[in-house]
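Engineer: Build me a model:
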Amino acid sequence: MVTGMLWFDNDPKVDLTSKIIKAADFYRKKYGIKPDVCFVHPSMIKSEPPNRNGIEVRTNPRVLPHHFWLGKAD
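Structural biologist: Model prediction:
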């Protein structure tokens, strides 16, 4: 991913999947395309990185906890 959108959500009452879906919906409305990749901090994934609604979730230690970097894969 060359460019993307950074999203912050630290609500402890909302699960990871819901946060990714909310961020992806905002991305789609703002840019007119659906993101297909989301980078999160490794501490946010408890097991194998999931694939949520067609969005591949990848870990990257450079992304801060509670932040989501969404965009289109290269």
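Engineer: switch to C-alpha atoms for all contacts and neighbour counts from now on
Structural biologist: OK.
Engineer: Point out where this structure drops to low pLDDT.
Structural biologist: Scanning the chain for pLDDT under 70 picks out 48-50, 52.
Engineer: Please enumerate the helices of it.
Structural biologist: 16-31 (DSSP state H).
Engineer: Nearest the middle, which residue of it would you pick?
Structural biologist: Nearest residue to the geometric centre of the chain (C-alpha atoms, centre = their mean): Cys38, 3.5 Å.
Engineer: That one: what's it in contact with?
Structural biologist: 20, 55-58, 68-71 (C-alpha atoms under 8 Å, 6 or more residues apart in numbering).
Engineer: can you give me the strands for this protein?
Structural biologist: In the chain, the strands defined using DSSP state E lie at 5-8, 37-40, 51-52, 55-59, 67-71.
Engineer: As TSV, the ones you listed with distance to Tyr27 would be great.
Structural biologist: Converted to TSV, the strands of the chain look like this (distance: least, C-alpha to C-alpha, whole Å):
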stretch	distance to Tyr27
strand 5-8	7
strand 37-40	11
strand 51-52	15
strand 55-59	12
strand 67-71	8
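Engineer: I'd like to know which of those strands is closest to Lys30.
Structural biologist: Lys30 lies closest to strand 5-8 among the strands of the chain, at 10.0 Å (C-alpha to C-alpha).
Engineer: which other residues reach the closest one?
Structural biologist: Contact with strand 5-8 is made by 23, 27, 66-71, as judged by C-alpha under 8 Å, 6+ apart.
Engineer: That concludes my questions; thank you for your assistance.
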